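# requesting a structural model of the entry that follows:
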Amino acid sequence: MTMKVYDVSGVVRDPAKSVAVAKAPGVPSQPWNYRVRAPGEANGEILVTENVTLAASQSVGASKRRNRNVIPITGGTLTGGLVAGEVLPGGADYQNFSAQPTIDARYLWRTADGDVIMVRNTGGFGGLVPSFEVRTDSKSAWLNSGRYLSSNPGAGTGGVSLTFYKARE
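Predicted coordinates for the structure are as follows:
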């Protein structure tokens, strides 16, 4: 692999050569900072149970965002609940070992119907909050809205197991 790095700090933006990217109307924003579990919010109906297979952890060590660790996601299964399919290889869990450790797992699901769903499961232990993004014309488009919660990771075959829930107040 070859990578080139360019210093663009001196580049002046030319509006005539710029393209504006607008958020689709009616779609909730997915900010960098994750949604925090609301007081009184609890697990409702089971959405899915996943078994995620993992590769060896990669330590980044002390960085500008504290002590970091990355665990590659190599695949897995989705069973039970409202979604069935597989976890696709290629994502990772970006862990932050600060005073209150957090995970920020980003990866893909493919449903039995062929829909590809982007998953982001973030937060501290005991307060994981997933968000989903999928094509608006797919059978799984209902995942684009709603509020969801996640269990903490537990032991799974070749990695970890988590259960996702619809949130209820």
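# now do the same contact list for V83.
Applying Cβ atoms under 8 Å, 6 or more residues apart in numbering to V83 gives the contacts L47, V48, W109, T111, I117, S140, L143. C-beta: built from backbone N, CA, C; applies to glycine.
# sorry, wrong one. I was asking about R106.
G91, A92, Y94, M118, V119, R120.
# S151 too?
Contacts of S151 by Cβ under 8 Å, 6+ apart are N43, L128, L162, T163, F164, Y165.
# what's the helix or strand for the most centrally placed residue in the chain?
Centroid-nearest residue in the chain, with Cα atoms, centre = their mean: R120, separated by 1.2 Å. Taking DSSP states H and E as the definition, one finds R120 inside strand 116-124.
# who does T77 form a beta bridge with?
With DSSP bridges as the criterion, T77 is bridged to N51, E86.
# distance check, it against G40.
32 Å (Cβ to Cβ, to the nearest Å).
# and what of S161?
When S161 is compared with G40 (using Cβ to Cβ), they lie 26 Å apart.
# pipe the contacts of V83 into CSV and attach neighbour count, pLDDT and distance to T2 per row.
Below are the contacts of V83 laid out as CSV (neighbours: other Cβ atoms under 10 Å; pLDDT from 0 to 100; distance: Cβ to Cβ, whole Å):
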residue, neighbour count, pLDDT, distance to T2
L47, 24, 95, 42
V48, 22, 96, 39
W109, 24, 97, 32
T111, 19, 95, 36
I117, 22, 96, 32
S140, 19, 94, 37
L143, 24, 94, 38
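# tell me which entries of those residues lie within strands.
If you go by DSSP state E, the contacts of V83 have L47, V48, W109, T111, I117 in strands.
# can you give me the strands for the chain?
Counting by DSSP E, the strands of the chain are 42-54, 58-63, 66-79, 85-96, 102-111, 116-124, 129-133, 148-150, 154-156, 159-168.
# which of those sits most buried?
Among those, ranked by average contacts under mean count of other Cβ atoms under 10 Å, first place goes to strand 148-150 (a mean of 22).
# packing partners for that one?
strand 42-54, strand 129-133, strand 159-168 (3 or more Cβ pairs under 8 Å, 6 or more residues apart in numbering; DSSP states H and E).
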